[in-house]
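J.: the sequence isn't on hand, but the structure is:
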């Protein structure tokens, strides 16, 4: 499938990473951005020292540095209209010989290119100072009863799929920038062990997040002698962004099987260890996943309603000293659709924008004081709602129009193409049924329905 987003990247963007308080200066390209470990990239040894089994290796340290550097570059420079950028990055590493191997470099570039559509070039140099990650301070006394590791957050999918996969069998890697509240039975390594800060971020798409998360779970799997990494995303979130990419935006492959096959190749080349990123709910809707969770013994709706799906950090979600979910962005709409499918009723004040039944969207948005914020939420909401609608409409497409997606997925999953076609069709049909039921529940005059009819601001406009 031809990718039109890889053409004509802007001129090279140079980034050079230096060790903390580096006494011997290197030769850097003119105009290069400098990122200093300890200042722009900060590690927390206390997090790293609590992980069990094999202990840290130099390659683990290096992979965390590379993950942080990729985030810095991805967020530092705004994308041009043609989307793609060209990066030249100098990174100091402890195990230089490993990073200079051809198969390591080729697999790293392939994974990042597929994920971000940017052109990446790395110059690995020898780390000169002491590593910012010291020796482990101790070993935790829990037994080797785990069979998989899973990226764990406050989201619906991670909580549900962790339980469906066997809570006591999973080593949870909390994907968060700050320490989360631990639930009973949670394991350590409960936040990303580094922070990227102290610079002006100009790009919000942050596609490289997928590389960061998969790299960290691979490190956890390697150290814990586990080969299975469970990816919790359900079908709509994993496949929808690639089936229906937004106009002039590179498809979002962060949870797509093709990306994970590339990451498996990279991890194998770098660490000499085979991990398998498993997607057990890829052919199920999020609503079906939540329903399956509620069928487990002792699981209750409250286990899901205290999760968070909204990615908004704007002031509109910070109300009365707390932080709500906006209720109208794409993530919130998929959450509300899925909760409806699973028969889960949330509190009336769970969302800032709670009423979806109004005929005029401005009535629902009246709780937001500033017009600019209301306009932004209308933009987010209309795009998200139409994405869910268009995904539902794909259920009616003939096989010929779905075959290119089915073939790509079949190759990545190692499954027969016809079986993959049936599974893809089943996912789309189930989503369409759930979406129609959700719209019906909002009643006939809902502004969501007017958006489906081509309106954007509601029936009063």
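T.: That came in fine, so what should we check first? Worth saying up front: this structure is predicted, and the values here are computed from it rather than measured.

J.: report the contact partners of residue 120.
T.: 70, 87, 89, 108-109, 112-113 (CB atoms under 8 Å, 6 or more residues apart in numbering). C-beta here means a position set from N, CA and C on the backbone, and glycine is covered the same way.

J.: neighbour count added to those, as CSV?
T.: What follows is those, written out as CSV (neighbours: other CB atoms under 10 Å):
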residue, neighbour count
70, 27
87, 22
89, 22
108, 23
109, 16
112, 27
113, 16
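
J.: the residues you listed in helices, which ones?
T.: In helices, judged by DSSP state H, the following of the contacts of residue 120 are found: 70, 108-109, 112-113.

J.: export the residues you listed to JSON lines and append columns for pLDDT and distance to residue 167.
T.: Formatted as JSON lines, the entries for the ones in helices among the contacts of residue 120 read as follows, by pLDDT from 0 to 100; distance: CB to CB, whole Å:
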{"residue": "70", "pLDDT": "96", "distance to residue 167": "31"}
{"residue": "108", "pLDDT": "98", "distance to residue 167": "33"}
{"residue": "109", "pLDDT": "98", "distance to residue 167": "37"}
{"residue": "112", "pLDDT": "98", "distance to residue 167": "33"}
{"residue": "113", "pLDDT": "98", "distance to residue 167": "36"}
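
J.: excluding its backbone neighbours, what's nearest residue 279?
T.: Closest residue to residue 279 apart from its sequence neighbours, by CB to CB, 6 or more residues apart in numbering: residue 231 at 4.7 Å.

J.: and for the one you found, the neighbour number?
T.: Summarising burial for residue 231: neighbours were counted as other CB atoms under 10 Å, giving 24.

J.: same question, residue 104
T.: Taking other CB under 10 Å as the neighbour definition, residue 104 ends up with a count of 21.

J.: kindly report the same for residue 348.
T.: Residue 348 sits with 8 neighbouring residues when counted by other CB under 10 Å.

J.: still on that earlier bit, my guess is the residue nearest to residue 279 contacts residue 277, does it?
T.: Yes: between residue 231 and residue 277 there is a contact under CB atoms under 8 Å: 5.4 Å.

J.: what sits in contact with each of the two?
T.: Between them, residue 231 and residue 277 have residue 260 as joint contacts when contacts are counted by CB under 8 Å, 6+ apart.

J.: for stretch 435-451, which positions count as buried?
T.: By neighbour count with 16 or more other CB atoms under 10 Å, stretch 435-451 contains the buried residues 435, 438-439, 442, 446-451.

J.: sorry, slip of the keys, the one I care about is stretch 107-124.
T.: By neighbour count, and taking 16+ other CB under 10 Å as the criterion, the buried residues in stretch 107-124 are 107-109, 111-120, 122, 124.

J.: gap between the two ends of that stretch?
T.: Separation of the first and last residues of stretch 107-124 by CA to CA, to the nearest Å is 15 Å.

J.: quick check: longest helix of this protein.
T.: When secondary structure is assigned using DSSP H, the longest helix within the chain turns out to be helix 417-441.

J.: buried stuff in it?
T.: By neighbour count, and taking 16+ other CB under 10 Å as the criterion, the buried residues in helix 417-441 are 420-421, 423-425, 427-428, 430-432, 434-435, 438-439.

J.: what mean pLDDT does that helix get?
T.: Across helix 417-441, the average pLDDT comes to 97.

J.: that one: how far from the chain's middle?
T.: Here the centre of mass of C-alpha atoms in helix 417-441, compared against the chain's by CA atoms, centre = their mean, to the nearest Å, lies 23 Å away.

J.: who's in contact with whatever helix or strand comes next after that helix?
T.: The C-terminal neighbour of helix 417-441 among helices and strands, as given by DSSP states H and E, is helix 447-452. Contact partners of helix 447-452, identified using CB under 8 Å, 6+ apart, comprise 356, 358-361, 364, 381-382, 385-386, 389, 439, 442, 455, 458-459.

J.: among those residues, the buried ones, what's the ChimeraX command?
T.: To isolate the buried members of the contacts of helix 447-452 in ChimeraX, using 16+ other CB under 10 Å:
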select :356,358,359,360,361,364,381,382,385,386,389,439,442,458
